[in-house]
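S.K.: Pasting the sequence and the predicted model now:
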Amino acid sequence: MHFTKVHGLGNDFIIVNVGIGEGFPDDWSSLGREMCDRKFGIGADGLVLLLDSGQADVRMKIVNSDGSEAEMCGNAIRCVAKYLYERGIVKKEEIRVETLAGIMVPKIIQNNGVVEAVRVDMGAPRLERELIPMVGPVGQVINEALEVNGQIINITAVSMGNPHCVIFVPDLKDIPFSQLGPIIEAHPAFPRKTNVEFVQVLSPTEVRMLVWERGAGPTMACGTGACAVGVAGVLNGLTDKAVTVHLPGGPLYIEWDGVGSVYMTGPATEVFNGEYTVYKH
Ligand SMILES: N[C@H](CCC[C@H](N)C(=O)O)C(=O)O
């Protein structure tokens, strides 16, 4: 099976273009776990499958390293857009990608044919509790108290097609990240679990964040998470409608006018190509 290893700010993925292949195994969950294993497989935060689409240029299926399927992935979609554009598979700069979160539209930003960045229309955030999804009364979840291990943490919940629990803190170095991340990821208030973002506001136009991802744990970057942070910053009156989000792997530029689509701009990097043999155990 031919694959391409890519990353967005160190959030790394294995791309398999299933659309052109045949004889692929149909159990993508176990294959995702196997290929993403950093000791026994290729190693990645997720497996990204490209499939034919009846309504877009391509369909993107995301399998987290734990085998769970995600509705959307921001860093991966930038890499997919670059992958398709550079191979001439899609010969336009605006590419329509079908995902479980809807059709996303990454736009190639190129200079003399070199892809410098990708700007993605990530669609509008979903803010109603039941759309996160989160249990509790009807309404939005903005700066709401959540009990975590006997302590109260104020959270803001945003869905970008996948769930995000955003927590603003005075200083990231004081956060017990490795303890709180997995507890909140699996908190019973989130019936489909959640991604967890801890955010330190540096100014109205700059924040720094750490992310514990649903189904992948701590990653170097999270595109949908950065979008959720941009939205939560506006909702809480902490940041402007355009903000630079500093992640461990680097910055993403997030824009949200408070009503419509969230736009995410950032790099996409191809690292290597290879062949993977699926051994029948
Ligand atoms: N682990 C996430 C999917 C990947 C999101 C992240 N890598 C991104 O760049 O948006 C989830 O289960 O919702």
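M.R.: All right, it came through fine. Values in this document were obtained by computation on a predicted structure and should not be read as measured data.
S.K.: Which residue lies nearest the spatial centre of the protein?
M.R.: For the chain, Cys73 is the residue whose C-alpha lies nearest the centre (CA atoms, centre = their mean; 3.4 Å).
S.K.: For beta bridges, what are the partners of the residue lying closest to that residue once chain neighbours are set aside?
M.R.: Distances taken as CB to CB, 6 or more residues apart in numbering place Ile62 nearest to Cys73, at 4.5 Å, with adjacent residues excluded. For glycine as for every other residue, the C-beta is placed from the backbone atoms N, C-alpha and C. Ile62 has these beta-bridge partners by DSSP bridges: Val48, Ala70.
S.K.: what does Gly266 give?
M.R.: Val118.
S.K.: average model confidence for the helix or strand hosting Gly181?
M.R.: Taking DSSP states H and E as the definition, Gly181 sits inside helix 177-185. Taken as a whole, helix 177-185 carries a mean pLDDT of 98.
S.K.: List the buried residues for it?
M.R.: For helix 177-185, a neighbour-count test (16 or more other CB atoms under 10 Å) marks 177, 180-181, 184-185 as buried.
S.K.: Kindly report the same for stretch 245-262.
M.R.: Result for stretch 245-262 [16+ other CB under 10 Å]: buried residues 245-247, 249, 251-256, 261-262.
S.K.: Same list (those residues) but as JSON lines, adding pLDDT, distance to Arg78 and secondary structure.
M.R.: Shown next, in JSON lines, are these (pLDDT from 0 to 100; distance: CB to CB, whole Å; DSSP: H, G, I helix; E, B strand; the rest coil):
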{"residue": "Val245", "pLDDT": "99", "distance to Arg78": "14", "secondary structure": "strand"}
{"residue": "His246", "pLDDT": "98", "distance to Arg78": "17", "secondary structure": "strand"}
{"residue": "Leu247", "pLDDT": "98", "distance to Arg78": "13", "secondary structure": "strand"}
{"residue": "Gly249", "pLDDT": "98", "distance to Arg78": "13", "secondary structure": "coil"}
{"residue": "Pro251", "pLDDT": "98", "distance to Arg78": "13", "secondary structure": "strand"}
{"residue": "Leu252", "pLDDT": "98", "distance to Arg78": "9", "secondary structure": "strand"}
{"residue": "Tyr253", "pLDDT": "98", "distance to Arg78": "12", "secondary structure": "strand"}
{"residue": "Ile254", "pLDDT": "99", "distance to Arg78": "13", "secondary structure": "strand"}
{"residue": "Glu255", "pLDDT": "98", "distance to Arg78": "15", "secondary structure": "strand"}
{"residue": "Trp256", "pLDDT": "98", "distance to Arg78": "17", "secondary structure": "strand"}
{"residue": "Ser261", "pLDDT": "98", "distance to Arg78": "15", "secondary structure": "coil"}
{"residue": "Val262", "pLDDT": "98", "distance to Arg78": "14", "secondary structure": "strand"}
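S.K.: Is any residue of stretch 71-91 near the ligand?
M.R.: Yes - residues of stretch 71-91 contacting the ligand under CB under 6 Å from any ligand atom: 73-75.
S.K.: roughly how far out does that stretch sit from the chain middle?
M.R.: Centroid separation between stretch 71-91 and its chain, computed with CA atoms, centre = their mean, to the nearest Å, is 14 Å.
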